[in-house]
Every structure is written in C-alpha cells, then in structure tokens.
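Chemist: Model the following, please.
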Amino acid sequence: MSVKPREGPEGSVFTFRGRGWRPNRRVSVTFGAYCRPGEACIAIAYFARVRTGVHGGFRFRLRAGQEQPGDDADGIRAGGQPTFAQRAGGRTVERRPRYRVTVTS
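Modeler: From the prediction side, this is the model:
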C-alpha cells in the first residue's frame with residue numbers, strides 16, 4: 001500500500017493505492033470519523049468497498065477533515081484511519097497504511 005501525500009494538513013485528501021491484491025475482487029474499507037490528532041473521538045465506523053482491477057490494484061481517496069462540497073462526486077470520503085481488507089484463500093488480509101495529519105493551531 002502507498003499513501004500520497006505521506007503527511008498533510010487537516011483538510012488534505014490522501015490517496016491510498018493498493019497493489020498486488022487479488023484481481024477483480026472487492027476490498028472492504030473500514031474507517032472512522034475524523035478526529036484531530038491526540039483528541040478523543042466518537043466511535044463511529046464507516047464502510048466502503050472498492051474493486052481491484054485486472055492487475056490487483058485500486059485507489060481510495062479520504063479527506064482528513066470535514067466533507068467538502070463536491071467530494072461525493074469526486075469519490076472522496078471524509079474520515080480517518082482506514083483499514084483495507086480482502087478475503088484470500090480462507091483468510092483475511094488486512095493493511096493499515098501509515099500517514100500523518102498535521103494540525104496548525
């Protein structure tokens with residue numbers, strides 16, 4: 001998994017790219033509501049699904065902050081700390097990419 005950018009301010013859109021997953025299959029994405037780093041957060045889980053391409057790759061975009069107008073049309077979700085999971089041969093493969101949200105006062 002890769003994340004671009006690896007670090008960005010609140011409101012940034014992070015693009016997660018998966019490679020080497022099972023081709024033409026679903027990947028489940030679980031993520032929470034966005035919380036500023038170091039603050040307590042409500043326990044809400046959001047779910048999304050992405051489909052891998054013929055070579056096992058996918059892209060998922062997540063805004064670290066409140067949803068903005070046009071995000072839905074652009075395929076951008078709002079939240080934080082995503083986990084990607086896919087069933088493979090009787091087991092589940094999970095990945096939690098690392099990235100950092102910076103806060104300016």
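Chemist: ok, and the helix or strand in the protein with the lowest average confidence?
Modeler: When the helices and strands of the chain are scored by mean pLDDT, DSSP states H and E, strand 100-102 comes last with a mean of 91.
Chemist: Mind checking what secondary structure residue 24 has?
Modeler: coil (DSSP: H, G, I helix; E, B strand; the rest coil).
Chemist: okay, the spatially most central residue of the chain: pLDDT?
Modeler: Centroid-nearest residue in the chain, with Cα atoms, centre = their mean: residue 82, separated by 4.3 Å. On pLDDT, residue 82 comes in at 96.
Chemist: Could you measure from it over to residue 93?
Modeler: Between residue 82 and residue 93 the computed distance is 15 Å (Cβ to Cβ, to the nearest Å). Placement of C-beta: from N, CA and C, glycine included.
Chemist: Residue 75 now?
Modeler: For residue 75 relative to residue 93 (Cβ to Cβ), the value is 23 Å.
Chemist: Pick out whichever of these two has more residues nearby.
Modeler: residue 93 (14 against 11; other Cβ atoms under 10 Å).
Chemist: Now residue 28: closest residue in space, sequence neighbours ignored.
Modeler: residue 85 (4.8 Å; Cβ to Cβ, 6 or more residues apart in numbering).
Chemist: ok, back up a step: just list the residues touching the residue nearest to the centre of the chain, thanks.
Modeler: Contact analysis of residue 82 by Cβ atoms under 8 Å, 6 or more residues apart in numbering lists 16, 29, 30, 31, 60, 62, 96, 97.
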